[in-house]
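Visitor: missing the sequence, but the structure's below:
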């Protein structure tokens, strides 16, 4: 049971504006955290910050206090003015499940940092020069300020922790690593017949395919994903690649690759899919290909393990940490390496079963109950640290 220093129930305010996009990594994280916190500790008093123009959906009828603000989570108004909307709110700790947080709060603040790729290299996020400069200025400064003002920082992987400490070693005492859980309500096993019926408008039953899932930012490396696939299966015209590419921006290299006759015949690009279609895609995929250059965690990796799909992924950033022995690791910029891993994993049934079994075992490390419990402990720690700091100032 969560209690503050005065013995009453701990009161936590959470920025839940990302719940309007539950398919994203941050939205998924927020939804599972809010749901799990109340289940783990019914005495916890929760307040959710919502976008008044786009109200977040209720999570299973969860009864909580709500604060409406008229701008989204990634608005420049968040660091500048959100504190004014929170003024007078009855909470002990504020949690931003995203790297952009209100500045100037008088109460302890916990910030979850998923990654710092905007700080490391804005080119990871956009091919547009203006967006790199403008976005880089805003996100870099906002992320740095949020970490500086945070009482505690949750890093969702050791890769994220190490990236923070490489640039900002002064935050070492604040950081706690808490891995994401696996969302079994989102991706779960279904039989092949059900999956095929769900995908009747996407791909023919029995057609083998490689699945790649992610937003259309450059760091997702869809260009080399497509090139590696086409090289691996150029002699097998019946093979397909399904590329689920949300929020796709301009990518001239990828567009050129997709205009080739082979790509037009073998690559299916989907800008958005419903949750049931996504689940069916995982359950029907022959291989998941996830060759990102940079990830704080990599949700598709866990989703593939949940669906029993063998994985080819990058040997960089958080990918090796998440998959452990449950994937083939490749240099994401090497088309030959991607093609070789795909070909090997398609043909070697013993290797496939070995990786699938390792993935099932690996899932034990990603449990939302563990994530929620660790986060609750961080709330208590932050509240205690904030109260101690306030006492010392008297």
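Guide: Here it is on my side, so go on. All of these numbers come straight from a predicted model, not from anything done at the bench.
Visitor: what about the strands in this structure?
Guide: 11-15, 45-51, 65-69, 93-96, 109-113, 152-155, 175-177, 209-215, 240-246, 267-270, 287-290, 311-314, 327-330 (DSSP state E).
Visitor: In CSV, list these along with mean pLDDT.
Guide: Conversion of the strands of the chain to CSV gives the following (pLDDT from 0 to 100):
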stretch, mean pLDDT
strand 11-15, 94
strand 45-51, 90
strand 65-69, 86
strand 93-96, 96
strand 109-113, 97
strand 152-155, 98
strand 175-177, 98
strand 209-215, 95
strand 240-246, 94
strand 267-270, 96
strand 287-290, 98
strand 311-314, 98
strand 327-330, 98
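Visitor: Next, the contact list for residue 203, please.
Guide: Under the criterion of C-beta atoms under 8 Å, 6 or more residues apart in numbering, the contact partners of residue 203 comprise 209, 240, 242, 268, 284. Backbone N, C-alpha and C define where each C-beta goes, glycine included.
Visitor: got the contact list for the second one?
Guide: What it means is residue 240. For residue 240, the residues meeting the contact criterion (C-beta under 8 Å, 6+ apart) are 203, 207-210, 266-268.
Visitor: Buried subset of those residues as a PyMOL selection?
Guide: Applied in PyMOL, the following selects the buried portion of those according to 16 or more other C-beta atoms under 10 Å:
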select buried, resi 203+207+209+210+266+267
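Visitor: which pair in the contacts of residue 240 spans the largest distance?
Guide: For those, the maximum inter-member distance is 13.7 Å, found between 208 and 267 (C-beta to C-beta).
Visitor: If we ignore the residues flanking it in sequence, what's nearest residue 297?
Guide: residue 156 (4.9 Å; C-beta to C-beta, 6 or more residues apart in numbering).
Visitor: my guess is that neighbour contacts residue 114, does it?
Guide: Yes. Contact status for residue 156 versus residue 114: in contact at 5.4 Å, counting by C-beta atoms under 8 Å.
Visitor: joint contacts of these two?
Guide: Where contact means C-beta under 8 Å, 6+ apart, the residues bridging residue 156 and residue 114 through contact with each are 29, 296-297.
Visitor: if we can go back for a sec, residue 156 and residue 114: which has the busier surroundings?
Guide: When residue 156 and residue 114 are compared on other C-beta atoms under 10 Å, the one with more neighbours turns out to be residue 156, at 26 against 21.
Visitor: and that one, what are its phi and psi?
Guide: With angles defined as degrees, to the nearest 10, residue 156 sits at phi -80, psi 0.
Visitor: which ones are touching it?
Guide: Applying C-beta under 8 Å, 6+ apart, the residues near residue 156 are 29, 112-114, 177-180, 296-297.
Visitor: Take these and keep only those in helices.
Guide: Among those, DSSP state H puts residue 29 in helices.
Visitor: Farthest pair within the contacts of residue 156?
Guide: Maximum pairwise distance in these, criterion C-beta to C-beta, is 14.3 Å, between 29 and 177.
Visitor: Compare these two (neighbour count), which wins?
Guide: Set side by side, residue 29 and residue 177 show more neighbours around residue 29, with 25 against 16, by other C-beta under 10 Å.
Visitor: circling back to that earlier point, mind putting the contacts of residue 156 into JSON lines with distance to residue 147?
Guide: Below are the contacts of residue 156 laid out as JSON lines (distance: C-beta to C-beta, whole Å):
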{"residue": "29", "distance to residue 147": "17"}
{"residue": "112", "distance to residue 147": "11"}
{"residue": "113", "distance to residue 147": "7"}
{"residue": "114", "distance to residue 147": "12"}
{"residue": "177", "distance to residue 147": "15"}
{"residue": "178", "distance to residue 147": "16"}
{"residue": "179", "distance to residue 147": "19"}
{"residue": "180", "distance to residue 147": "19"}
{"residue": "296", "distance to residue 147": "14"}
{"residue": "297", "distance to residue 147": "18"}
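Visitor: ok, and the most crowded of the contacts of residue 156?
Guide: Among the contacts of residue 156, residue 112 has more neighbours than the rest - 28 neighbours, counting by other C-beta under 10 Å.
Visitor: Any idea what it is bridged to?
Guide: Each beta-bridge partner of residue 112 is listed here: residue 154, as defined by DSSP bridges.
Visitor: give the contact list for it.
Guide: Applying C-beta under 8 Å, 6+ apart, we find residue 112 in contact with 29, 95-99, 153-156.
Visitor: ok, now residue 39?
Guide: Under the criterion of C-beta under 8 Å, 6+ apart, the neighbours of residue 39 are residue 372.
Visitor: now it: how far from residue 182?
Guide: Counting by C-beta to C-beta, to the nearest Å, the gap between residue 39 and residue 182 amounts to 16 Å.
Visitor: same thing with residue 74?
Guide: 26 Å.
Visitor: Of these two, which one has the most company?
Guide: Under the neighbour definition other C-beta under 10 Å, residue 74 and residue 182 were set side by side, and residue 182 has more, 21 against 17.
Visitor: on that earlier part again, tell me the one of the contacts of residue 156 nearest residue 329?
Guide: Residue 329 lies nearest to residue 297 out of the contacts of residue 156, by C-beta to C-beta, at 16.1 Å.
Visitor: can I assume that closest one is in contact with residue 113?
Guide: No. Applying C-beta under 8 Å, one finds residue 297 not in contact with residue 113, separated by 11.0 Å.
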